[in-house]
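Novice: No sequence on hand, only this structure:
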């Protein structure tokens with residue numbers, strides 16, 4: 001289609017040049033077609049060549065989309081959530097203090113009395129951050145059956161293990177699975193800081 005249009009344009013240009021020949025007083029006689037052809041054919045050929053070159057020229061590439069002004073947030077490393085949970089347990093129940101304390105010099109009664117408050121506070125913090133469910137139903141020391149197709153990461157077989165499932169044994173621990181995780185964020189706080197140092201100013 002572009003070549004056809006160019007042909008029409010070239011012929012129109014040639015007709016204009018023919019009119020100019022007549023205006024110059026050149027009669028339209030036997031030799032006139034040769035004169036006209038010498039003018040018209042180059043114009044038509046030039047128009048067709050230009051159209052063919054345009055058709056073969058690759059289309060201009062669309063301008064690349066502008067980069068987004070707002071950068072995508074960087075995903076948080078997985079260990080940061082664990083540190084936030086440990087920081088929460090420290091904040092509520094001073095768990096890190098208790099676990100790093102040397103308790104060798106305390107009696108069982110003293111340790112038991114201190115543990116009660118830590119247990120209550122840490123249990124509260126844990127309930128706020130996680131929802132837990134037991135992997136296997138039933139109480140410890142009850143008889144259970146492990147059916148074929150069980151998940152080895154969720155059920156660990158101990159003792160005299162051999163053969164193929166189903167396995168029959170005694171439940172020693174029901175296991176835990178987290179069904180909800182909502183560890184509170186701590187914006188503006190270094191994830192490695194579990195508890196800030198406290199300085200009382202007199």
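Specialist: Noted; the coordinates are in hand. Note that the coordinates shown come from a computational prediction; the quantities given were computed from them, not determined experimentally.

Novice: mind giving me the domain split of the chain?
Specialist: Following automatic domain parsing, one finds the domains of the chain at 2-56, 78-181.

Novice: Pull the contacting residues for residue 124.
Specialist: By C-beta atoms under 8 Å, 6 or more residues apart in numbering, the residues touching residue 124 are 92-93. C-beta coordinates here come from the backbone N, C-alpha and C atoms, glycine included.

Novice: So it: helix, strand or coil?
Specialist: Following DSSP: H, G, I helix; E, B strand; the rest coil, residue 124 is assigned to helix.

Novice: Let me see the confidence value for it.
Specialist: Looking at residue 124, its pLDDT stands at 95.

Novice: Okay, helices next: where are they in this protein?
Specialist: Listed in chain order, the helices of the chain (DSSP state H) span residues 2-23, 32-56, 78-93, 95-100, 108-129.

Novice: By mean pLDDT, show me the worst of the domains of the chain.
Specialist: Mean pLDDT is lowest for domain 2-56 out of the domains of the chain, coming in at a mean of 49.

Novice: which phi and psi does residue 175 have?
Specialist: Note on residue 175: backbone dihedrals following degrees, to the nearest 10 are phi 80, psi 160.

Novice: One more: residue 73?
Specialist: Here the main-chain torsion angles of residue 73 (degrees, to the nearest 10) amount to phi -60, psi 140.

Novice: what about it, distance to residue 129?
Specialist: Using C-beta to C-beta, to the nearest Å, residue 73 is found at 22 Å from residue 129.

Novice: more neighbours, those two?
Specialist: The residue with more neighbours, out of residue 73 and residue 129, is residue 129; 19 against 6, by other C-beta atoms under 10 Å.

Novice: Please name the residues that touch the residue nearest to that one when sequence neighbours are not counted.
Specialist: The shortest distance from residue 129 to any non-neighbouring residue, by C-beta to C-beta, 6 or more residues apart in numbering, is to residue 183 (4.8 Å). Under the criterion of C-beta under 8 Å, 6+ apart, the neighbours of residue 183 are 81, 84-85, 88, 129.

Novice: As a markdown table, the residues you listed with distance to residue 108 would be great.
Specialist: Listed next are the contacts of residue 183 as a markdown table, based on distance: C-beta to C-beta, whole Å:
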| residue | distance to residue 108 |
| --- | --- |
| 81 | 35 |
| 84 | 33 |
| 85 | 29 |
| 88 | 28 |
| 129 | 30 |
